[in-house]
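> I'd like to go over a predicted model; first the sequence, then the structure.
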Amino acid sequence: MSRRDDVLATLAAAPGFLAAQQVYTRLRARQIGIGLATVYRVLAALEAEGVADVVRSAGGETLYRLCRSSGHHHHLLCRDCGRAEELDAAVVERWAAGVAREHGFDDVSHTVEIVGRCSRCRG
């Protein structure tokens, strides 16, 4: 199994988003010899390929999970438990395109992360 496959399997087994350090720790617990730098490289490649979703936690940490949908999308992330919901991107896409046009920009990209507290964490 390649290092990429090891990281993919770890993400696939996770119920939600994981930090690179968590991926590394889980791999090491399975006695897979991999360096933390390799984990970061593989995660960056998976993100670039659209295979992994990436969000930033409320504390600024980068979190990864296997992408469960095709196409561009956004997430609503719980700051307490890390639960994530995929959102329809249409409204955000229209807003981003309008702001870009208004300011004379084209060929824009964006990252939108909406962070809050889910109903389970609110109690």
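Received it, and whenever you're ready, just let me know what you need.
> residues contacting Arg79?
By CB atoms under 8 Å, 6 or more residues apart in numbering, the residues touching Arg79 are Ser57, Ala58, Val115, Gly116, Arg117. The way it works is simple: take the backbone N, C-alpha and C, and place the C-beta from them, glycine included.
> repeat that with 10 Å
For Arg79, the contacting residues are Ser57, Ala58, Gly59, Val115, Gly116, Arg117, Cys118, Cys121, taking CB atoms under 10 Å, 6 or more residues apart in numbering as the criterion.
> please report how far it lies from Glu49.
Here the criterion is CB to CB, to the nearest Å. By it, Arg79 lies 28 Å from Glu49.
> repeat that for His74.
In this structure, His74 lies at 18 Å from Glu49, with CB to CB as the measure.
> give me the buried positions along stretch 63-70.
By neighbour count on 16 or more other CB atoms under 10 Å, the buried set for stretch 63-70 is Leu63, Tyr64, Arg65, Leu66, Cys67.
> quick check: closest non-adjacent residue to the fourth one.
When you say that, I think you mean Leu66. Leaving aside its sequence neighbours, Leu66 sits nearest to Leu11 (CB to CB, 6 or more residues apart in numbering; 4.7 Å).
> that's all I had, so thanks and see you.
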